[in-house]
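A.B. asks: Sequence and predicted structure are below.
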Amino acid sequence: MLSDEQLQQLFYVKVSAIHGSGLFARENFKQGDYMGEYDGPVVSDNDSHVLWVEEDDDIWTGRDGKNLLRYLNHSIKPHAEFVGFELFALCEITTDEEITIDYGEEP
């Protein structure tokens, strides 16, 4: 897992044209690059920054995001995706580009 300091070297937060604040790249990423882990306490209730991951058949774990990755906005053409709680680039991402994920069926 990358530290908060390491994440701050890769990303920054600013006003998004999509919604509220967004996560932007400080550097270029190539397809498949590891971008960090969604970190925060495990929770059982949903909230605006909770990421839910299906760990086993019908067993879901939620983390209330406390690091910069909580600022990822939704897109139907995302730049990145989570594998578990780890984020990977789906395509080339250039410096100053907003990084998005697909929230799934109910964004």
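C.D. replies: Received the coordinates, thanks.
A.B. asks: so where do the strands sit in this structure?
C.D. replies: 11-15, 21-25, 34-37, 42-43, 50-56, 59-64, 73-74, 80-83, 86-89, 98-101 (DSSP state E).
A.B. asks: The second one - contacts with which helices or strands?
C.D. replies: Put plainly, it is strand 21-25. Strand 21-25 sits against strand 11-15, strand 98-101, with contacts defined as 3 or more C-beta pairs under 8 Å, 6 or more residues apart in numbering; DSSP states H and E. (C-beta placed from N, C-alpha, C; glycine too.)
A.B. asks: Need the contact partners of it.
C.D. replies: Residues outside strand 21-25 that contact it (C-beta atoms under 8 Å, 6 or more residues apart in numbering): 10-16, 68-69, 71-73, 93-100.
A.B. asks: if we go to 10 Å?
C.D. replies: Residues from elsewhere that reach strand 21-25 (C-beta atoms under 10 Å, 6 or more residues apart in numbering): 7, 10-16, 35, 68-73, 79-80, 87, 89, 93-101.
A.B. asks: about what we covered before: out of the helices and strands packed on strand 21-25, nearest to I59?
C.D. replies: Nearest to I59, of all these, is strand 98-101, at 21.6 Å by C-beta to C-beta.
A.B. asks: burial of the closest residue to Q9 other than its chain neighbours, as a residue count?
C.D. replies: Spatial nearest neighbour of Q9, chain neighbours left out: R26 (6.6 Å); criterion: C-beta to C-beta, 6 or more residues apart in numbering. By other C-beta atoms under 10 Å, 12 other residues sit near R26.
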